[in-house]
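Visitor: here is the input, now give the coordinates:
(one chain, ligands or ions: 2)
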Amino acid sequence: MSSSKKRGNIYLSGAGPSAWHEEYPVAKGKRQSPVDINTNKTKFDPKLAADPLTIRFSDSCCQSIVNTGISFQVTSNGAGCELSGGPLDSTYQFAQFHAHWGAYLKTTGSEHTVDGVSYPAELHLVHWNTKYDDFKDAVDKPDGLAVIAVFFKRGKEHPGFGKIQDLFSKIPAKGAKVNIDFEFNPGLLMPPDSENYWTYLGSLTTPPLYESVTWIVMKEPLEVSVEQIAILRTLLWETPNGVSQMYNNFRPPVPLRDRVIRASFG
Ligand SMILES: NS(=O)(=O)c1ccc(NCc2ccco2)c([N+](=O)[O-])c1
Ligand SMILES: [Zn+2]
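Guide: Residues are numbered from 1 along each chain as shown. Ligands and ions are numbered 1, 2, ... in the order given. Here you go, the predicted structure:
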């Protein structure tokens, strides 16, 4: 058991994300995530448009949903769900999606920010590089993972995401897991325009913070209803004061250091 497991909630124990470097020195590394996307400093790269990002999802790729103790996670065997092109030099296979969100009536919640502005939540669709044997082999390699980040903004209801949220009541505690016995295509969670994105080399945003992620952050947010943002907080997690509603499970942006964020659009 790593000490962080004994401490339980990585966001609420000790000083939270600002103390992660004590157990994970890489937290102060050169390619950490998330970051603020300063749109005055991003650089359009025509090569990204020349070899368009190819995002393939299927109706049959989501098997189960689990409460990981810091988010929900919809897990996939990756069948028919692959990512290639754009900034990627090989084919990546879909593994899971989860999200990060804020507190009631707060504007924070996303991990990446755009010109210093947060969204209420951020979805992560995690893929692993098929040049490696499996996810576990890929997870700590510099080119091991590719994560698509989709910002959530308050607006009209998103019925597709609602079908996933209908399962939250079945996973009330850390480790709880249920099968998904209906077809769910994660492509439903992509914004209408997924041509425009930013990309940079970064890391996992929670311990062990491996510097193994090529981030692909969609410029256009996905609309979900204000009620759906609230339903995220009906998931439960352990806190130093007992089990309570899950929220503020996000790492704030860290320094960009010597990196340039590329844009697929001018
Ligand atoms: N917020 S994220 O998409 O960057 C993210 C964070 C952590 C992990 N994993 C934590 C981990 C890896 C090995 C042991 O434990 C993953 N992931 O696994 O895709 C994704
Ligand atoms: Zn995440």
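Visitor: isn't there a strand covering residue 228?
Guide: No. Assigned with DSSP: H, G, I helix; E, B strand; the rest coil, residue 228 falls outside any strand and is helix.
Visitor: residue 165 is in contact with that one, correct?
Guide: Yes. Contact criterion CB atoms under 8 Å: residue 228 and residue 165 qualify, at 6.3 Å. Any C-beta I mention is one placed from the backbone N, CA and C, and that applies to glycine too.
Visitor: please report the distance of residue 175 from ligand 1.
Guide: 15 Å (CB to the nearest ligand atom, to the nearest Å).
Visitor: tell me which stretches of the stretch 151-266 of the chain form strands.
Guide: 177-179, 197-202, 213-218, 222-224, 236-239, 242-245, 262-263 (DSSP state E, counting those that start in this stretch).
Visitor: who does the shortest one pair up with?
Guide: Spelled out, it's strand 262-263. Paired neighbours of strand 262-263 in the sheet (DSSP bridges): strand 43-44 (parallel), strand 197-202 (antiparallel).
Visitor: list of residues touching it?
Guide: The contact list for strand 262-263 (CB atoms under 8 Å, 6 or more residues apart in numbering) reads 42, 43, 44, 45, 48, 87, 196, 197, 198, 199, 200, 219.
Visitor: nearest to ligand 1, of these?
Guide: Nearest to ligand 1 among those is residue 200, at 13.0 Å by CB to the nearest ligand atom.
Visitor: ok, now which ones touch that closest one?
Guide: So residue 200 contacts 35, 214, 215, 256, 259, 260, 261, 262 (CB under 8 Å, 6+ apart).
Visitor: how near is the second one to residue 200?
Guide: Noted for residue 214: a distance of 8 Å to residue 200, by CB to CB, to the nearest Å.
Visitor: repeat that for the first one.
Guide: Counting by CB to CB, the gap between residue 35 and residue 200 amounts to 7 Å.
Visitor: hey, what's in contact with both of the two?
Guide: With CB under 8 Å, 6+ apart as the test, residue 35 and residue 200 both reach 256, 259, 261.
Visitor: which of those are buried?
Guide: Among the shared contacts of residue 35 and residue 200, those classed as buried by 16 or more other CB atoms under 10 Å are 256, 261.
Visitor: a markdown table for the shared contacts of residue 35 and residue 200, including pLDDT?
Guide: Shown next, in a markdown table, are those (pLDDT from 0 to 100):
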| residue | pLDDT |
| --- | --- |
| 256 | 98 |
| 259 | 98 |
| 261 | 99 |
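Visitor: would you mind giving the shared contacts of residue 35 and residue 200 as JSON lines with distance to ligand 1 added?
Guide: Shown next, in JSON lines, are the shared contacts of residue 35 and residue 200 (distance: CB to the nearest ligand atom, whole Å):
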{"residue": "256", "distance to ligand 1": "16"}
{"residue": "259", "distance to ligand 1": "16"}
{"residue": "261", "distance to ligand 1": "16"}
